[in-house]
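Colleague: Make a model of this:
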Amino acid sequence: MKPTLSSLRILVFSSTMLFAASQAGASDLDVTNYGKKVPTTQEFINALDSNLSVGTRSLSDPAKKRSVSLGIEFKRNSYELTQSAQEVLNRLGGALASPQLSKHKFMIEGHTDATGGEQYNQKLSEERAMTVKNYLVNVFGIDGSRLEEVGKGETDLLDPDSPDSGENRRVQIINMGE
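Modeller: Prediction:
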């Protein structure tokens, strides 16, 4: 049986939609990238609160999940938090415990650069995400069921042109909603 023109159009359309759905991921996020800057607790609230329209965010797509990309520092090849990482997490913890964000759930994504093996980087990113979650739960009393951790390893590099760049070693916090 020969395919008709309409059945070919349906096949092409379906394939296009499947490809687009598989590429969604990061484009579903409204990301604020603080890099090495240490944001205030209020800046965290503004960046993560899906009910706020602040600055250029009023133009952003309300269907996108609010996300913050942080340069959380860890000791090399370790998931131990540095003093500067704790400073950032203290401000983030204050934001997550605030009335504006206290009903929301968050995804904590750990990322690595591309140095080291793929399996090693995956495990390290998972341990880093878990360390951040544990810190927020233990220091701020945030309900652990509000925080889900995931390791991304060396996938989803922030700077794919420089896979070994320190920019790729980060933690991303995503507001998953209520």
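
Colleague: contacting residues for the closest residue to residue 172 other than its chain neighbours?
Modeller: In space, and not counting its chain neighbours, residue 172 is closest to residue 109: 4.2 Å by C-beta to C-beta, 6 or more residues apart in numbering. (Each C-beta comes from the backbone N, C-alpha and C, glycine too.) Contacts for residue 109 (C-beta atoms under 8 Å, 6 or more residues apart in numbering) come out as 129, 149, 150, 151, 152, 171, 172, 173, 174.

Colleague: Could you do residue 145 as well?
Modeller: By C-beta under 8 Å, 6+ apart, the residues touching residue 145 are residue 105.

Colleague: Backbone torsions only: list them for it.
Modeller: phi -70, psi -10 (degrees, to the nearest 10).

Colleague: Would you check how far apart it and residue 79 are?
Modeller: Per C-beta to C-beta, to the nearest Å, residue 145 is found 22 Å from residue 79.

Colleague: what separates the longest helix belonging to the chain from the chain centre, distance-wise?
Modeller: Assignment by DSSP state H gives helix 118-140 as the longest helix of the chain. How far helix 118-140 lies from its chain's middle: 13 Å, per C-alpha atoms, centre = their mean, to the nearest Å.

Colleague: Ok, stretch 87-95 next?
Modeller: Per C-alpha atoms, centre = their mean, the centroid offset for stretch 87-95 relative to its chain is 16 Å.

Colleague: going on from the helix or strand of the chain with the lowest mean pLDDT, what's the next piece of helix or strand?
Modeller: Using mean pLDDT, DSSP states H and E, the weakest-scoring helix or strand in the chain turns out to be helix 5-23, at a mean of 35. Of the helices and strands lying after helix 5-23 in sequence (DSSP states H and E), the nearest is strand 29-35.

Colleague: buried stuff in the following helix or strand past that next one?
Modeller: Using DSSP H and E, the helix or strand that follows strand 29-35 towards the C-terminus is helix 41-48. Buried residues in helix 41-48, counting neighbours by 16 or more other C-beta atoms under 10 Å, are found at 41, 43, 44, 45, 46, 47, 48.

Colleague: that older thread, tell me which residues of the longest helix of the chain are tucked away?
Modeller: Across helix 118-140, burial judged by 16+ other C-beta under 10 Å covers 121-133, 135-137.

Colleague: Quick check: of these, which lies closest to residue 96?
Modeller: The shortest approach to residue 96 among these belongs to residue 136, at 6.4 Å (C-beta to C-beta).
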